[in-house]
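**Q** return atomic coordinates for the entry below.
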Amino acid sequence: MTYCVAMRLDRGLVFAADTRTNAGVDNVAQYRKLHYWRQPGERVIVLLSAGNLAVTQSVVSNLNEQLAVPDPPGATLFNVPSMYRAARLVGDAVRDVRRQDGAALEMSKTGFSASFLLGGQIANERPRLYQIYAEGNFIEATDDTPFLQIGEHKYGKPILDRVARPEMRLGEAAKLILLSFDSTLRSNLSVGMPIDILLYERDTLDLNREARIGLDDPYFKQLSASWSDALRTAFASIEEFKI
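**A** As a prediction, this is how the structure comes out:
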């Protein structure tokens, strides 16, 4: 399994994904699940993936093959006019893989499992963020719900529900997302480091804030320890239940 989360903010977008995949306790591997495409000054598109690794890799490969064709006759991530159309394109790629592999997968225990978070900015359009399902349809993040999650999201969701808001600074949102990862890592062995994280500043139409956070990352270690201490202090300060 995996855990991916993205936030759409007034100032831009923040994306993060773990890198663990497993097909049982004795078959654990590391794969990148954060992908992006850019044309500096024109568009930035970021895709996070969760689910069956063979399916998600096929979807990404389909998108890349479209870009490899000189003067492509159809839509690609580099010529769609909006992020909505980019989401439609990814949804179509998911359906193409389902048509090819879906029947065989549904006959196995695995099934057809894939979900994606797609975000970015094209030209003068404001940054947008979508969650794309295995059926190829999707929803969009809003000011009321500025974050989206896929994979093992239940452990990291409570803190996001309480704290996330569109007016947050990018670094502040990144801190919140990493805290949601800290909670998930403590409770679920199918999610593992390193974590890939990317911050996109609105209207820059380029990417220059990306990092991979490993087990020995000093900031993440400090963040985790400080959060544990803060929770213990807050718990101790609340009056005991009496009956």
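
**Q** got the buried residues for the longest helix anywhere in the chain?
**A** Ranked by number of residues, the top helix in the chain under DSSP state H is helix 83-106. Across helix 83-106, burial judged by 16 or more other CB atoms under 10 Å covers 83, 86-91, 93-95, 97-98, 105. Just so you know, the C-beta spots here come from the backbone N, C-alpha and C atoms, and that holds for glycine as well.

**Q** direction included, what does the very next helix or strand once past it pair up with?
**A** Using DSSP states H and E, the next helix or strand after helix 83-106 towards the C-terminus is strand 114-122. Looking at strand 114-122 with DSSP bridges, its partner strands are strand 43-51 (antiparallel), strand 128-132 (antiparallel).

**Q** circling back to that earlier point, quick check: the farthest pair among the buried residues of helix 83-106?
**A** Spanning the widest gap among these are Met83 and Leu105, at 28.8 Å by CB to CB.

**Q** ok, back up a step: and the longest helix of the chain, what does it pack onto?
**A** strand 43-51, helix 53-68, strand 114-122, strand 128-132, strand 138-140 (3 or more CB pairs under 8 Å, 6 or more residues apart in numbering; DSSP states H and E).

**Q** including distance to Tyr219, mean neighbour count and mean pLDDT, could the ones you listed go into CSV?
**A** CSV is the format used below for these (distance: least, CB to CB, whole Å; neighbours: other CB atoms under 10 Å; pLDDT from 0 to 100):
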stretch, distance to Tyr219, mean neighbour count, mean pLDDT
strand 43-51, 21, 25, 97
helix 53-68, 28, 17, 95
strand 114-122, 23, 26, 97
strand 128-132, 25, 23, 98
strand 138-140, 31, 16, 98
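
**Q** from what I can see Arg56 touches Phe116, true?
**A** For residue 56 the amino acid is Thr, not Arg. Yes - shown here, Thr56 and Phe116 form a contact pair, counting by CB atoms under 8 Å, at 7.4 Å.

**Q** name the residues contacting each of these two.
**A** Ser49, Ala50 (CB atoms under 8 Å, 6 or more residues apart in numbering).

**Q** how near is the residue of the chain positioned farthest from its centre to Phe235?
**A** Seen from the C-alpha centroid of the chain, the residue lying at the greatest distance (CA atoms, centre = their mean) is Ile243, 44.6 Å away. Ile243 is 19 Å from Phe235, where distance means CB to CB, to the nearest Å.

**Q** could you do Ile150 as well?
**A** With distances taken as CB to CB, Ile150 is found 30 Å from Phe235.

**Q** between the two, which is the more surrounded one?
**A** Counted by other CB atoms under 10 Å, Ile150 and Phe235 do not tie: Ile150 has more neighbours, with 24 against 8.

**Q** could you look up the SS state of the more buried one?
**A** Three-state call for Ile150 (DSSP: H, G, I helix; E, B strand; the rest coil): strand.

**Q** let me see the contact set for it.
**A** Thr2, Tyr3, Cys4, Val5, Leu48, Ser49, Ala50, Gly51, Ser115, Phe116, Leu117, Gln131.

**Q** dump the residue contacts of the last one.
**A** Contacts here follow CB under 8 Å, 6+ apart; on that basis Gln131 touches Ser115, Phe116, Leu117, Leu118, Phe138, Ile139, Ala141, Leu148, Ile150.

**Q** what is the burial count for the closest residue to it other than its chain neighbours?
**A** If the residues on either side of it in the chain are set aside, Gln131 comes closest to Leu148, at 4.5 Å by CB to CB, 6 or more residues apart in numbering. Residues near Leu148, counting by other CB under 10 Å, number 26.

**Q** same thing with Asp217?
**A** 17.

**Q** for the one 4 residues further on, same thing?
**A** Using other CB under 10 Å as the criterion, Lys221 is surrounded by 12 other residues.

**Q** what of the one 5 residues further on?
**A** Neighbourhood size, Ser226 [other CB under 10 Å]: 11.
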